[in-house]
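Q: Next come a sequence and a model predicted from it.
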Amino acid sequence: MVDVADPQSLVQRARRIADDVLFPVAVQVDRTGTVPPEHWDLLAREGLYGLAAPGPDQLGFAEIVEVLEILAGGCLATTFVWMQHNGAVLSLAGSENTALRARYLDDLVHGRVRAGAAFAGVLAKAAKLHAEPVADGHLLNGEAPFVSGWGVVDVVQVSAVVPDGRGGTVVSGLVDATAGAGLTADPIDLAIGEATKTVRLRFADFLVTSDRTIAASPYSDFVGLQSFGSRLNGCVACGVAGRAIRLLREAGRVDAATALDQQLARARTELDAGLADSTRLPAARAGAADLAVRAAGALIAGTGARALLADNHAQCSLRDAVFTAVAGSRPEMRDILVNTMAAR
């Protein structure tokens with residue numbers, strides 16, 4: 001497990017990585033659509049692939065949030081892909097499939113095996129990915145849209161719905177991130193975040209065997225657990241906003257940066273409140289994304305014409321902020337965000 005005897009040590013390592021490694025090349029990553037492989041190796045060496053690993057010295061929630069924000073403010077693409085890995089670590093750590101856990105968990109925690117996630121096919125209003133029970137597991141049919149990290153990750157945690165007349169059961173398995181019989185990966189040409197290497201996975205009678213099954217749970221329980229993930233997705237918007245505010249302050253716009261910093265603190269409070277009351281989470285997520293767009297917009301205005309240059313961090317911040325308005329979002333959050341922006 002990751003050494004978190006001193007949680008602030010991990011936070012400081014994340015800050016050093018973000019400031020010294022990720023941020024200096026963030027514009028280059030955005031322009032080329034490729035994250036340097038060294039980024040993944042560094043995150044592994046520094047113990048960050050084990051961020052979600054349980055244990056006696058498990059990192060506290062506040063420190064996890066801080067690490068996510070710091071890294072997101074360094075490089076959005078690197079952070080967004082790496083974040084998916086942590087969900088697989090958490091799921092596998094709690095799995096009753098002891099053989100699967102023994103096979104993969106230690107390698108996942110240390111970054112020797114890297115994981116992605118594919119559950120959007122379950123969360124759509126009409127599920128897009130279905131599972132049919134068979135003798136040795138489940139056959140998957142349908143699609144999982146917007147799966148990030150293809151070509152970077154080794155395995156993907158895939159979730160699909162088994163219709164059962166009672167709302168459905170969600171089955172999750174760990175599959176190899178390799179196209180082949182029954183599994184195709186269609187690249188998605190993104191205008192923003194191309195470096196996330198996002199694809200649409202299509203399944204046709206793809207067998208997830210019992211020995212690769214992580215868990216099966218009622219649909220309502222699966223959806224209920226998404227609140228925690230949604231709160232963590234809010235860290236991306238806060239991280240992008242935080243970096244824009246920092247650059248605005250460095251540019252001498254101290255009053256504007258101070259005002260936005262206060263709003264960022266409120267956004268974090270609202271996101272935390274969403275964990276206790278999930279009905280507040282869509283508005284909190286929308287508020288964080290709105291703040292990221294406004295903070296990046298202020299940075300653009302404060303930078304002036306130089307902000308339009310392709311190698312300027314201001315324009316990259318705004319592009320990242322736009323990404324947070326839709327990435328990991330649900331319709332309710334987007335509706336609130338549209339109405340918020342339209343009301344000004």
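A: Received the coordinates, thanks. Residues are numbered from 1 along each chain as shown.
Q: Going by C-alpha atoms from here, please, whenever you check contacts or count neighbours.
A: Will do.
Q: ok, the residue lying closest to residue 209 once chain neighbours are set aside - contacts?
A: Distances taken as C-alpha to C-alpha, 6 or more residues apart in numbering place residue 137 nearest to residue 209, at 4.3 Å, with adjacent residues excluded. Taking C-alpha atoms under 8 Å, 6 or more residues apart in numbering as the criterion, residue 137 is in contact with 207, 208, 209, 210, 213.
Q: Which of those sits closest to residue 169?
A: Of all the contacts of residue 137, residue 213 has the smallest distance to residue 169: 13.3 Å, by C-alpha to C-alpha.
Q: Could you tell me the phi and psi values at the closest one?
A: phi -90, psi 130 (degrees, to the nearest 10).
Q: same check, this time on residue 117
A: Taking degrees, to the nearest 10, you get phi -140, psi 140 for the backbone angles of residue 117.
Q: Can you verify my assumption that it contacts residue 86?
A: No. Counting by C-alpha atoms under 8 Å, residue 117 stays clear of residue 86, with 9.3 Å between them.
Q: returning to that earlier point: and the residue nearest to residue 209, bridged to which residues?
A: Beta-bridge partners for residue 137, by DSSP bridges, are residue 134, residue 209.
Q: for the stretch 151-300 of the chain, which spans come out with low pLDDT?
A: Scanning the stretch 151-300 of the chain for pLDDT under 70 picks out 165-167.
Q: circling back: out of the contacts of residue 137, flag the one nearest to residue 24.
A: Within the contacts of residue 137, proximity to residue 24 (C-alpha to C-alpha) peaks at residue 213, which comes in at 40.2 Å.
Q: Excluding residues flanking it in the chain, which one is nearest that closest one?
A: Excluding its sequence neighbours, the residue lying closest to residue 213 (C-alpha to C-alpha, 6+ apart) is residue 173, at 4.1 Å.
Q: Remind me what the lengthiest helix in the chain packs against, helices and strands.
A: Using DSSP state H, we find that the single longest helix of the chain is helix 219-250. Using 3 or more C-alpha pairs under 8 Å, 6 or more residues apart in numbering; DSSP states H and E, the elements in contact with helix 219-250 are helix 61-74, helix 76-93, strand 169-176, helix 254-276, helix 281-303, helix 313-324.
Q: how big is the angle separating the shortest one from helix 76-93?
A: Counting by axes from the mean of the first three to the mean of the last three C-alpha atoms, to 10 degrees, strand 169-176 points 110 degrees away from the direction of helix 76-93.
Q: Mind telling me what element residue 186 is part of?
A: In this structure, residue 186 sits in strand 183-187 according to DSSP states H and E.
Q: gap between that strand and the chain center?
A: Taking the mean of its C-alpha atoms, strand 183-187 sits 20 Å from the chain's own mean (C-alpha atoms, centre = their mean, to the nearest Å).
Q: Flag every buried residue along it.
A: Judged by neighbour count (16 or more other C-alpha atoms under 10 Å), strand 183-187 contains these buried residues: 183, 184, 185.
Q: which residues sit in contact with the first one?
A: Residue 183 makes contacts with 201, 202, 203, 204, 206, as judged by C-alpha under 8 Å, 6+ apart.
Q: now, among the residues you listed, which is nearest to residue 315?
A: Among the contacts of residue 183, and counting by C-alpha to C-alpha, the member closest to residue 315 is residue 201, at 31.0 Å.
Q: Relative to the centre of this structure, find the outermost residue for me.
A: residue 135 (33.9 Å; C-alpha atoms, centre = their mean).
Q: Quick check on it: phi, psi?
A: Here is the backbone geometry of residue 135 (degrees, to the nearest 10): phi -60, psi -40.
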